[in-house]
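> quick check, what structure comes out for this input:
(2 chains)
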Amino acid sequence: MIEVKEVTKIYKAKGNEIVGVKNVSLSIDKGEIFGIVGYSGAGKSSLLRCLNLLEKPTSGDILIDGVSITTLGKKELREERLKIGMIFQHFYLISAKTVFENIAFALKAAGKTKDEINRKTLELLKMVGLENQKDQYPSQLSGGQKQRVGIARALANDPKVLLCDEATSALDPNTTKSILSLLKTINKKLGITIVLITHEMEVVKEICHRMAVMQDGEIIESGDVYNIFANPKKELTKTFISSVIQMDLPEPLLKNRKGTVIKIQFKGAIAEEAVVSELFQNFKVKGNILHGKIEYIQETPLGIFIMELIGDETEVKRAIAYIESRIENLEVVKNVA
Amino acid sequence: MLDSIFNILPDLNKAFFETLYMVAISLGVSLIVGLPLGIILFITDKGLLFENALIKQTAGILVNLIRSVPFIILLVALLPLTQLITGTTIGPTAASVSLSVAAIPFFARLVETSLREIDKGVIEAAVAVGATPWMIIREVLLPEAKPGIVQAITVTAISLLGYSAMAGIVGGGGIGDFAIRFGYYRYDNTIMITTVVLLIVIVQLMQVIGDGVAKAVNKR
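Next up, the predicted model:
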């Protein structure tokens, strides 16, 4: 669907060269929600803006449905852009136009007739739940409502792709949730491929199927969201994940432990099995759960427990070996013995 | 004192309409020419729809050139052009030529400034939607800058009113000229004060109307 091939973007400012995107290759499938995470300045925004050529890559190529967009002429590019919707952190609505007119603008750009514009705009307003606000001006709307107008405008010409540039970063948590669920619905109902960039891991966890982590213009890690959450490889990825799955124990609590403190991570189906109860039946150890959590990522459970094992040293070792044989991820946080 | 005011009323009335005539013509011309020029100054800028350094600089230099010439000098220097366009070098119509030439770059710069205040993101969003440059100018730039452009028209009209006082040099007439000739040169304070008060009232009126319209069209 979207094929990014060795794209590099270099900015020239006052004789200095700043590398925005460094040799990025990426392939995004049809109908998936792909998230790109990174701190500001990591180049994720530049990369996203290359996808509809708001920024022209310095080198490399971008193919959308097999069409190389970097070689398109002005007119062809405009036509291609009709098929690529985009929403922004700060919405960027035309403040002098009503909600209706803002959405109609996109349809007018596609050369639709007045009747078509009318019908489609009303349909879009209904989809984003703003039928009653159609004659209001953007300044009269809340942030969430403005973003809904942005979404309606982006979807006006039935695009194949929707690009989201930090679309929820200016919104409060509740509004963020409602916008994300709207995006999810759009993705499911219309089958639109969504590419979003964000610095909020929560957003990725909530709606993305696959993700990539960017740092200094490069993609340092990418893959299935569940796998990355369960098995992050890079330090930065771990930092991002810990922002949504807080599993650190308070220092004083850890200090007073007498037994062996272990951290176990259950992935997928195993999380539903009775591994822990078997542990206590088969070995002479006592368990004391210090912290536990089950996160559902794409409806698949990811369980993380921090547990203290008290008992005879050899028995504890055998118990740990048993757990290791059943599940992949075990980490000894503090070993007193 | 009232008597002397009554005596000058016919002359003042004539002067008032001469002023109105000159300001209206030159304001009209500066809108028709200055608005596109202001848009050109903006859209040829770096990173915008029609980035073009050559046009941007040529237009910029031309605008600055005209704006740096004192109006009185411009008025006289343009006499050949005035002759060419109007067939005469005296009277309010003749004065309108120089007034227009002075007002066009002034208004164009004000238009450019109000366009510059539009959030670049809004323009970018329109580009991303696939809109043509012409659509972006008509449906994004102009509506978004409308309050600023209305203010620019107000400022230009008031400046033209001031400039038109110098139109007396070419026999243009008008209130300002009337004040200078009768009030200032003949030391007739009654006439001078009356005309100045009239000018103050006109300026206030223009400002109030301008502000009112600008506020009405502002949806931000």
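> any buried residues in stretch B:172-185, and which?
For stretch B:172-185, the neighbour count (16 or more other C-beta atoms under 10 Å in any protein chain shown) marks B:G172, B:G173, B:G174, B:I175, B:G176, B:D177, B:F178, B:A179, B:I180, B:R181, B:F182, B:G183 as buried. Every residue, glycine included, has its C-beta placed from N, CA and C.
> least confident secondary structure element in the chain?
Using chain A. Ranking every helix and strand in chain A by mean pLDDT, DSSP states H and E puts strand A:329-335 at the bottom, with a mean of 75.
> actually, chain B is the one I wanted.
Ranked by mean pLDDT, DSSP H and E, the weakest helix or strand in chain B is helix B:175-178, scoring a mean of 83.
> any idea how far that one is from the chain center?
Here the centre of helix B:175-178 is set off from its chain's centre by 18 Å, with C-alpha atoms, centre = their mean, to the nearest Å.
> ok, the most centrally placed residue in chain B - contacts?
The geometric centre of chain B, computed from its C-alpha atoms, lies nearest to B:T156 (C-alpha atoms, centre = their mean), at 3.2 Å. By C-beta atoms under 8 Å, 6 or more residues apart in numbering or on different chains, the contact set of B:T156 is B:L27, B:S30, B:G34, B:A103, B:F106, B:F107, B:L110.
> cool, B:R67 as well?
B:R67 makes contact with B:P105, B:F106, B:R109, according to C-beta under 8 Å, 6+ apart.
> going by distance to chain A, which of these wins?
B:R109 (22.0 Å; C-beta to the nearest C-beta).
> is chain A within reach of the helix or strand hosting the closest one?
Element membership for B:R109 (DSSP states H and E) is helix B:92-116. No. If you take C-beta under 8 Å from any C-beta of the partner chain as the test, helix B:92-116 misses chain A, and the best it gets is 12.4 Å.
> where in the chain is pLDDT low?
No chain was given, so I picked chain A. A:269-272, A:335-337 (pLDDT under 70).
> can you look at chain B instead?
B:1.
> show me which residues of it sit near chain A.
By the rule C-beta under 8 Å from any C-beta, the part of chain B lying against chain A is B:119, B:121-122, B:124-132, B:135, B:139-140, B:143-144, B:146, B:217, B:219-220.
> so of those, which ones are in strands?
Judged by DSSP state E, strands contain none of the residues of chain B next to chain A.
> that older thread, of all the buried residues of stretch B:172-185, which two lie farthest apart?
Farthest pair in the buried residues of stretch B:172-185 (C-beta to C-beta) is B:G172 and B:G183. Separation: 17.1 Å.
> coming back round to it: dump the contacts of B:R67 into CSV; add neighbour count and distance to A:K267 as well.
As requested, the contacts of B:R67 are exported to CSV (neighbours: other C-beta atoms under 10 Å in any protein chain shown; distance: C-beta to C-beta, whole Å):
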residue, neighbour count, distance to A:K267
B:P105, 24, 70
B:F106, 20, 71
B:R109, 19, 65
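> tell me the one of the residues you listed nearest A:A106?
Nearest to A:A106 among the contacts of B:R67 is B:R109, at 32.5 Å by C-beta to C-beta.
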